[in-house]
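Participant: Sequence and computational prediction follow.
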Amino acid sequence: MFPMRELFEPSALSASPDWRQRAVDGALVFSPVGDLDLDTAGEFERRLVEIVDRTDAPLVLVDLADVHFIDAGSVSVILRARTKARRRNVTLCVRGLSGVPALVFDALGLRETLICPVPLDDRGQAA
């Protein structure tokens, strides 16, 4: 297990989405729930960067299955975290795109860039 439990306690801020994480077969799966927008981007970035900085896992999977809305600023957070992860030889990728988040990634031309290259099942394992 990864020593980051304190990072994922629900925030007292009403605008903050729920944050969940779990370790699955050597990967760290980070699952925000709710909207990722201007109000939540700062907290989202703090949590995601801290995950990248602290993880010993070779893969950080950002699961957006329970995100209903994401803005371009929050997509930029993912891109910055991915760059930082690469410097640490950690792969950061996204899965669970549907609805508005899928439209945003497609409009920005980032679906192929950020989607996990290996198909994963619901537990984050290679299918």
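Facilitator: That came through fine. Numbering: from 1, shown residues only.

Participant: going forward, measure contacts between C-alpha atoms and count neighbours the same way
Facilitator: OK.

Participant: Residues contacting the helix of greatest length in the chain, please?
Facilitator: In terms of residue count, the longest helix belonging to the chain (DSSP state H) is helix 72-87. Contacts of helix 72-87 with the rest of the structure, by CA atoms under 8 Å, 6 or more residues apart in numbering, involve 36-38, 41, 44-45, 48-49, 52-53, 91-93, 104-105.

Participant: one more time with 7 Å, if that's ok
Facilitator: 36-37, 41, 45, 48-49, 52, 91-92 (CA atoms under 7 Å, 6 or more residues apart in numbering).

Participant: in it, what's buried?
Facilitator: By neighbour count with 16 or more other CA atoms under 10 Å, helix 72-87 contains the buried residues 72-75, 77-79, 81-85.

Participant: From Asp66, how far out is Phe105?
Facilitator: Relative to Asp66, Phe105 is positioned 15 Å away (CA to CA, to the nearest Å).

Participant: Which one of these two is surrounded by more residues?
Facilitator: The neighbour comparison of Phe105 against Asp66 (other CA atoms under 10 Å) goes to Phe105, with 21 against 15.

Participant: so where does the more buried one fall, helix or strand?
Facilitator: Assigned by DSSP states H and E, Phe105 belongs to helix 99-107.
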